[in-house]
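Peer 1: Return a 3D structure for these sequence lines:
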Amino acid sequence: MTLHTFSIIFAGVLLNSVAQLLLKAGAKTLGHVSMGSLASLTAAAWNAGTQPWVLLGLVCYFISAGLWILALTRVDVTVAYPMLSMGYVIAALLAWQIFGEPLTGNRVLGIAIILVGVVVLSRG
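Peer 2: Numbering: from 1, shown residues only. Below you'll find the predicted structure:
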């Protein structure tokens, strides 16, 4: 895999992770969504659909999907798809920094295992 192709994949993964964090920020502004009735779900859907963080997150997903398609024109899916696991690493680290989510020993170990796997795959 060339550096250029890896950069496309990494940019897509990064945008996907940012999208997750933006959706989380939007969800925090929505608060707890009740699933008790169709009216409450409709109101929640409207609120989510008009929430700037949610909309920005969806834009990031859209761009990420475009980069993913571009990457798949350059590399086998068996190589590219495991690279998506970098998103877990990025999201965990950013959620720790931005939202104060805990980064426990097990999570750090999991992140290390993922990173080793990504390095092995990128060299193969």
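
Peer 1: thinking V118 is in contact with M83, fair?
Peer 2: Yes - counting by Cβ atoms under 8 Å, M83 is a contact partner of V118 at 6.2 Å. For glycine as for every other residue, the C-beta is placed from the backbone atoms N, C-alpha and C.

Peer 1: Skipping adjacent residues, who's closest to W96 in space?
Peer 2: Nearest-residue entry for W96: L103, 4.5 Å, with adjacent residues in sequence omitted and distances by Cβ to Cβ, 6 or more residues apart in numbering.

Peer 1: Repeat that for Q51.
Peer 2: G26 (4.5 Å).

Peer 1: residue ranges of the strands in the chain, please?
Peer 2: In the chain, no segments count as strands under DSSP state E.

Peer 1: quick one: contacts for the spatially most central residue of it?
Peer 2: With distances taken as Cα atoms, centre = their mean, S17 lies nearest the centre of the chain, 2.6 Å away. With contacts defined as Cβ atoms under 8 Å, 6 or more residues apart in numbering, S17 is in contact with G87, I90, A91, L94.
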